[in-house]
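[1] What shape does this take:
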Amino acid sequence: MVNPVVWDIGYLVSAALFIIGIKRLSSPKTAPAGNRLGAYGMLLAVIVTLARMQSEGKIEMELVVGGLVIGGLIGFTMAKRVEMTGMPELVALFNGFGGAASALVGLSEALKHIQAESAPTGGVELYAIWVAIGLSGLVGWVTLTGSLMAMFKLKGGFTIPLTKKWVRFPTWGPPWLNFVKGGLLLSGLALIGLTVDDPHNAQYVYALVAVSCLLGVLFVLPIGGADMPVVVSLLNSLSGIAAAFTGFVIGNNVLIIAGSMVGAAGLILTFIMCKAMNRTLPAVLFKSFGGSGDKEQLTRTKVGSDPEEVAMVCDGISKCVIIPGYGMAVSQAQHAVKEFADILEAQDVEVSYGIHPVAGRMPGHMNVLLAEANVPYEQLIEMDDINGELPETDVALVIGANDTVNPAARSGEGPLGGMPIIAADKARVVIIIKRSLSVGYAGVDNDLFYENKTMMLFGDGKKMMNELNSAMKEL
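    Numbering: from 1, shown residues only. Predicted coordinates:
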């Protein structure tokens, strides 16, 4: 029999790797190393857990190894094949898988205790077991169905097999829906209490699963596209909290530590995202902001420019700020943007990138895209810092962004009212690459499009960037 201290040391090293990894995730430059450290920590935790269970004779190693191989191949294939535009959907799906794993462990433990003749019949042990199991299931199932709903909304819907019919999930949130969600949450907590009074009744457990799954769907259904980065971050936090509860259920210290860290880090990031939008978390969850379908009708027009004209404006400038948005991700234009920056830098132009915290559809989406194109980390400037530089900027190139540069946010009214923006309108010349004048997620027309100093390049982001690069080289 192996000394239990060995397992505790392994878990301690694993937890240390988690802590150092999360710390290094705070900077784009060190984030890849931090991600690797977190992965190494999880690998060590899995190895230690399997070795411990094997030494105690609690598992059949063939089944575990088979599951690890199959799951590893599925995860590797999904991550390898996904496009950068699909990364938010993949992250949401992985959040759901984390919640599902915790929920299934909780369900397994619940059924085991229900069927066990020696199950505790009262006292602290009973409360501890069923409260932990119940909360693990409640949060886990909510995370699973909520993440699936978020994934489908980010993707725009899904195709029904056989019929090939495309189904979309509308942003639907009447005021009374909040009362329904509150009632479901209270029902879930009540069911956990009922399992304490009658710990051998499986119906309460299955009812908790059903209530939690429905709550997860209704939790995300009213939330529009403008708030999706916040939702993805919050669901990530919930997956960690579910894992921590599961750690209490099965008595695994590393799950408690890792789950608590993920839950706390995700919650902190969620509040950072809310602050970046000048909104509160309750407003995001209960007021159905953004993407509600109430979009302004366009009544103005703007004559587009051509790449040659824009290239002449960029010739001889001294400072350029590039402001990316989700449109850059959709068109896969990040490499063309990097080429444009290289052309300017060869002419001794100072180039930097203004990154809005909620640009894209998940936290850090623009950072990931630009890192893929080998953009130097030191050129990625956060919103608060880049805004101070924009009044002295010759050209602000906005590619695929809309709401994050919309001056209407300064009015304090409407869906964007009060949301901090990148002050692209302060630059001497603004170049916007966009397919059309259409409104963004918030459904608000953008006055920046119509200013005299704004030049519009209408078309696909990658195509227009390539044409602009060619025009720059011909000067």
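[2] Report how many residues lie close to residue 471.
    Using other CB atoms under 10 Å, residue 471 has 18 other residues around it. From N, CA and C alone the C-beta is placed, and that goes for glycine too.
[3] and residue 354, what element?
    Using DSSP states H and E, residue 354 sits in strand 350-355.
[4] do residue 218 as well
    Assigned by DSSP H and E, residue 218 falls in helix 202-220.
[5] which residues sit against the strand holding residue 354?
    318-324, 341, 344-345, 366-367, 370, 375, 379-383, 386-387, 389-390, 396, 422, 424 (CB atoms under 8 Å, 6 or more residues apart in numbering).
[6] got a list of what the residue lying closest to residue 416 once chain neighbours are set aside touches?
    Spatial nearest neighbour of residue 416, chain neighbours left out: residue 409 (4.2 Å); criterion: CB to CB, 6 or more residues apart in numbering. Shown in contact with residue 409 (CB under 8 Å, 6+ apart): 403, 416, 417, 418, 419, 420, 421.
[7] Buried ones from these, can you make that a PyMOL selection?
    Only the buried entries of these go into this PyMOL selection, using 16 or more other CB atoms under 10 Å:
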select buried, resi 403+416+419+420+421
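[8] Show me the strands in this structure, by range?
    Ranges of strands in the chain, per DSSP state E, are 158-159, 166-167, 319-324, 350-355, 380-382, 395-399, 429-434, 454-458.
[9] other SSEs contacting the third one?
    For strand 319-324, the helices and strands in contact under the criterion 3 or more CB pairs under 8 Å, 6 or more residues apart in numbering; DSSP states H and E are helix 334-346, strand 350-355, helix 365-372, strand 395-399.
[10] list the buried ones in the longest helix along the chain?
    Longest helix in the chain by number of residues (criterion: DSSP state H): helix 124-155. By 16+ other CB under 10 Å, the buried positions in helix 124-155 come out as 126, 129-154.
[11] again with stretch 261-275
    So for stretch 261-275, counting by 16+ other CB under 10 Å, buried means 261, 262, 263, 265, 266, 267, 269, 270, 271, 273, 274.
[12] for the residues you listed, which one is nearest residue 63?
    For the buried residues of stretch 261-275, the residue nearest residue 63 by CB to CB is residue 262; the value is 26.6 Å.
[13] Would you mind measuring from the residue nearest to the closest one when sequence neighbours are not counted to residue 378?
    Spatial nearest neighbour of residue 262, excluding adjacent residues (CB to CB, 6+ apart): residue 240 at 2.7 Å. Distance from residue 240 to residue 378, counting by CB to CB, to the nearest Å: 31 Å.
[14] Who has more neighbours out of these two?
    residue 240 (27 against 9).
[15] what's the closest of the contacts of residue 409 to residue 88?
    The shortest gap between residue 88 and any of the contacts of residue 409 belongs to residue 403, at 16.1 Å (CB to CB).
[16] related to what we said a few turns ago, direction-wise, compare the helix holding residue 218 with helix 124-155 and give the angle.
    The directions of helix 202-220 and helix 124-155 differ by 40 degrees, with axes from the mean of the first three to the mean of the last three CA atoms, to 10 degrees as the criterion.
[17] export helix 202-220 as PDB, just CAs?
    This file holds the C-alpha atoms of helix 202-220, laid out as PDB (Å, rounded to 0.1, in the frame of the first residue of the first chain):
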ATOM      1  CA  ALA A 202     -34.500   8.500  -6.900                       C
ATOM      2  CA  GLN A 203     -37.400  10.600  -8.200                       C
ATOM      3  CA  TYR A 204     -36.100  13.700  -6.500                       C
ATOM      4  CA  VAL A 205     -32.700  13.200  -8.200                       C
ATOM      5  CA  TYR A 206     -34.200  12.800 -11.700                       C
ATOM      6  CA  ALA A 207     -36.500  15.800 -11.100                       C
ATOM      7  CA  LEU A 208     -33.400  17.800 -10.100                       C
ATOM      8  CA  VAL A 209     -31.700  16.800 -13.400                       C
ATOM      9  CA  ALA A 210     -34.800  17.900 -15.400                       C
ATOM     10  CA  VAL A 211     -35.200  21.200 -13.500                       C
ATOM     11  CA  SER A 212     -31.500  22.100 -13.800                       C
ATOM     12  CA  CYS A 213     -31.400  21.300 -17.600                       C
ATOM     13  CA  LEU A 214     -34.400  23.500 -18.200                       C
ATOM     14  CA  LEU A 215     -32.900  26.300 -16.100                       C
ATOM     15  CA  GLY A 216     -29.700  26.200 -18.100                       C
ATOM     16  CA  VAL A 217     -31.600  26.600 -21.400                       C
ATOM     17  CA  LEU A 218     -33.700  29.500 -20.100                       C
ATOM     18  CA  PHE A 219     -30.700  31.000 -18.400                       C
ATOM     19  CA  VAL A 220     -29.000  31.700 -21.800                       C
END
